[in-house]
Structure formats: C-alpha cells, structure tokens
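> show me how the following folds:
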Amino acid sequence: MKFKLLYTFLVLVLLASCKDDSEKRRLENEKQQKKNELIFSKVSNAWDFYDEPINETSENLVSDWTEFRSLLNELRLKPKKTIGAFQQKATAISKKAAAMDDNIPEKFNQPQIKSRIATMTTKVRLLDLYIHLDLIPAEKVVKIISEINNELASLQRQMDKIEVRSTIPVEIGESELKQMLDASRAIPNEPIDPNLPRVE
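Next comes the predicted model:
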C-alpha cells in the first residue's frame, strides 16, 4: 500500500516536471523561430546585388566573358523561401566569383583587375561563411552585401578605365620614352653577372 502511494506520488512529480520542460522547450522554440524570421527578413531585404553592367565596357564584356556573365546571372536570381535557399545561393555565387579569375580576357588580364576580382571573391566567401553559421549575424551579412556591390562596381569602373586608355593614341616618341625609363630603372630587367668587374 505504501509502495503504491509512493509510486503514484513519483509519477505525479515526474509528469509535472515533464510538463514544465515541454513548456520551456515550446517557449524557446517560439523565441528561436521569431529570431530566425527576423534574420530571414533582414537578409531578404538586403539581398540586392548590382546584377546589371554599369558601363558600356561591362556591357560588351558580358557577351564575351562567360564567367562575368555567369556571375551577374547568379546575382540576379534572388532566393525567396528559406535561409537554406540563401545559403545555397551564397555558395553558388562564391563558386562563380572564384571562376572569374580563371579566364580573364587578355586585354583586362592586369594586376588592377586581378586584385579587384580577388577582393570581390574574398567578400563573397565571407558572405558564404556568415550565412552558413548557426547564429547568422544579420548585420554582418547586410554589410558584406553592400561591400560586394562596391567591389563589383569598382571592378567595372577599372575595366572601363583600361578600355578608355587603350583608345588613346600613342604620341610620337612615347614608346622611346618608355624604353628609356625601363633602361634607367634601379633594378634592370636583365640579370647582372656577379663575376664581371663593377664599373664605378
């Protein structure tokens, strides 16, 4: 008899504690769901990339440079339903940005363009990293999206500068002047034989 009362008392205590735990879990889940909805809203509102060429040079390159066109097309398509869709899109954009460095058109295969592509790729990888974290830092995601847009615009402006410079005709004597400047450099283009006597 005593065991039955003790057993009944223990069952009641256990049920009461389970009810408290399930209530706490439900409240925590609701809180987490609201937080996720807020993050999704912030990321969704900020997810607006410069997906159109900003100058004539960029417009011409879209038809010739497959990787550049592919990146702009990937930026144009905005995910809509879940954070998981944004995560997949960030990974796809990261791959497209990294591919741009592989096949730069010869005219634009210069350090100024390569450095801008590298900077933009780094920013895109940061976006991919931030959006895949368990606790997504929405403010950092919003900030990095604007930085990616700035880098993309900077890249297109630099390509336009190179295009404009290439259309300027070379003046008479300019090529000779460049050769003279190269010859008078502190570090010569040709290696110096250390066995030869130094001229002082």
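
> which ones are touching Arg125?
Ser94, Ala97, Ala98 (Cβ atoms under 8 Å, 6 or more residues apart in numbering). Heads up, the C-betas are built off the backbone N, CA and C, glycines and all.

> from Asn103, how far out is it?
19 Å (Cβ to Cβ, to the nearest Å).

> confidence-wise, which helix or strand of this structure is lowest on average?
helix 174-183 (a mean of 70; mean pLDDT, DSSP states H and E).

> nearest residue to the residue nearest to the spatial centre of the chain other than its sequence neighbours?
The centroid of the chain falls nearest to Val124 when counting by Cα atoms, centre = their mean (0.8 Å). Of all residues not flanking Val124 in the chain, Ala97 sits nearest, at 4.3 Å (Cβ to Cβ, 6 or more residues apart in numbering).

> so where is the chain shaky, pLDDT-wise?
1-3, 5-7, 9-21, 170, 174, 182-194, 196-200 (pLDDT under 70).

> which parts of it are helices?
2-46, 56-64, 66-76, 83-99, 111-131, 138-167, 174-183 (DSSP state H).

> and the third one, which residues are buried?
Neighbour-count burial for helix 66-76, with 16 or more other Cβ atoms under 10 Å as criterion, is recorded at Glu67, Phe68, Ser70, Leu71, Leu72, Glu74, Leu75.

> distance to Ile117 for the residues you listed - can I get that in a markdown table?
As requested, the buried residues of helix 66-76 are exported to a markdown table (distance: Cβ to Cβ, whole Å):
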| residue | distance to Ile117 |
| --- | --- |
| Glu67 | 10 |
| Phe68 | 10 |
| Ser70 | 14 |
| Leu71 | 10 |
| Leu72 | 14 |
| Glu74 | 15 |
| Leu75 | 15 |
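
> between those residues, which sits nearest Gln179?
Phe68 (34.2 Å; Cβ to Cβ).

> export the helices of the chain as TSV, with columns for distance to Asn195.
Converted to TSV, the helices of the chain look like this (distance: least, Cβ to Cβ, whole Å):
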stretch	distance to Asn195
helix 2-46	64
helix 56-64	50
helix 66-76	48
helix 83-99	46
helix 111-131	34
helix 138-167	42
helix 174-183	23
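
> considering the contacts of Arg125, which possesses the most neighbours?
Within the contacts of Arg125, neighbour counts (other Cβ atoms under 10 Å) peak at Ala97, which reaches 27 neighbours.

> that one against Thr121, yeah?
Yes. Look at Ala97 against Thr121 with Cβ atoms under 8 Å: they come within range, at 4.6 Å.

> about what we covered before: give me the distance between the least confident helix or strand of the chain and the centre of its chain.
40 Å (Cα atoms, centre = their mean, to the nearest Å).
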